[in-house]
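Enquirer: Below: sequence and its predicted model.
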Amino acid sequence: MRAFRYLQWTVAASFGLIGLLFLLTFFEDREIPQEVTGWAESQSTPALATLIEIFALLGIAVGSIAMLARQRWGAWTHLVSNCCGISAGLFMKCQIRSARLDAVDSLLMLCIGLLYGLAFFTDALIPNQRPPNQTQSQPTGYSS
């Protein structure tokens, strides 16, 4: 039961770090010199890679929610979506980012590694085994 509690905290932390990444991305454009951002924006990004990234984010969200519901398929969905997102990232345009954003991204990767460790190598995603509801003894001659 303790492993599932850690998994819940890890999923919450990963959602928080993803939100922080998006927030920092919007504000970091002001800190990077215009010459550098102008050059980076001139690079083209394949539409297919962007589409795969969007579906990967959706798969990561679905997998995370499924893990919170103690579904093992959620961990596999999260893992496959993360691998697809990383693979699509190889074809994205050049990215220029600050050290702050890179540090938060590194923390997110550590958090996701912990998430996979808890999901695949502990009993966190095994549902609680409760005995079926026992009713009082049935009267004789009663058929169901």
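Expert: Now that the structure is in, tell me what you want to look at.

Enquirer: would you put the C-alpha positions of the lowest-mean-pLDDT helix or strand in the chain in CSV?
Expert: Lowest on mean pLDDT, DSSP states H and E among the helices and strands of the chain sits helix 34-42, with a mean of 73. Output of helix 34-42 as CSV, limited to C-alpha atoms (Å, rounded to 0.1, in the frame of the first residue of the first chain):
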residue,chain,number,x,y,z
GLN,A,34,16.4,38.4,-30.2
GLU,A,35,19.1,37.3,-32.6
VAL,A,36,19.1,33.8,-31.2
THR,A,37,15.3,33.4,-31.1
GLY,A,38,15.1,34.7,-34.6
TRP,A,39,17.5,32.1,-35.9
ALA,A,40,15.8,29.3,-34.0
GLU,A,41,12.3,30.3,-35.3
SER,A,42,13.7,30.2,-38.9
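
Enquirer: Can you name the next helix or strand after that helix?
Expert: helix 47-68 (DSSP states H and E).

Enquirer: mind checking how far that following helix is from the chain centre?
Expert: Averaging C-alpha positions (C-alpha atoms, centre = their mean, to the nearest Å) puts helix 47-68 8 Å from its chain's average.

Enquirer: can you map out the strands along this structure?
Expert: Ranges of strands within the chain: none, based on DSSP state E.
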